[in-house]
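S.K.: Below is the structure, and that's it, no one-letter string:
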């Protein structure tokens, strides 16, 4: 497990990128999400909307923006749009199993041999309060993992 954490640190600090150029060899893919597709994720977004309503007056006064007052309280477009956008983001979040299924059905040039060389790991780490988790998914070619 220590080797995996070292690999994860290398991937995070080195900044490997997925590139469609055939001359660049892709050795890793990483995904970090601050939400999950769950009821808790949807409720967190609702709390975000309530926070917008609660602090709308403060920001309207700081920015000297009457439009902020209008679109937060009289015609609540701002909270509704931001909550809707948050719900869509929560619903589009992929689970580790879905990411692995995408990897296995991507139609890679090497076929099943190439796909068998990839390892998918995932987990979550708490970073804020009771519901504040970062969910991570890392896909690494097995040969690259052995070298690191």
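M.R.: Cool, got the structure. Only a predicted model underlies this, so the values are computations on that prediction, with no experimental measurement involved.
S.K.: Past the lengthiest helix in the chain, which element shows up next along the chain?
M.R.: The residue-count maximum for a helix in the chain (DSSP state H) belongs to helix 39-62. Using DSSP states H and E, the helix or strand that directly follows helix 39-62 along the chain is helix 66-69.
S.K.: which residues touch that following helix?
M.R.: The contact list for helix 66-69, computed with CB atoms under 8 Å, 6 or more residues apart in numbering, reads 56, 57, 59, 60, 78. Where C-beta positions appear, they are placed from N, C-alpha and C, glycine not excepted.
S.K.: Number of residues surrounding the closest residue to the second one other than its chain neighbours?
M.R.: It stands for residue 57. Among residues not flanking residue 57 along the chain, residue 69 sits closest, at 7.0 Å (CB to CB, 6 or more residues apart in numbering). Look at residue 69: counted by other CB atoms under 10 Å, it has 14 neighbours.
S.K.: And residue 69, how close does it get to residue 47?
M.R.: Using CB to CB, to the nearest Å, one gets 21 Å for the distance from residue 69 to residue 47.
S.K.: Can you spell out the domain ranges of this structure, please?
M.R.: Here the domain parsing of the chain from automatic domain parsing is 1-36+100-148, 39-92.
S.K.: any chance of those in CSV, plus mean pLDDT?
M.R.: Putting the domains of the chain into CSV (pLDDT from 0 to 100) gives the following:
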stretch, mean pLDDT
domain 1-36+100-148, 67
domain 39-92, 92
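S.K.: and the residue positioned nearest the centre of the chain, backbone torsions?
M.R.: Centroid-nearest residue in the chain, with CA atoms, centre = their mean: residue 33, separated by 2.4 Å. The phi and psi values for residue 33, taken as degrees, to the nearest 10, are phi -120, psi 140.
S.K.: how near is it to residue 75?
M.R.: Residue 33 is 32 Å from residue 75, where distance means CB to CB.
S.K.: Then residue 142?
M.R.: 55 Å.
S.K.: can you check residue 67 too?
M.R.: 10 Å.
S.K.: for the contacts of helix 66-69, which one is nearest residue 103?
M.R.: residue 78 (38.3 Å; CB to CB).
S.K.: Okay, and the closest one sits in which element?
M.R.: In the assignment (DSSP H and E), residue 78 maps to helix 77-92.
S.K.: which element follows that helix toward the C-terminus?
M.R.: helix 96-104.
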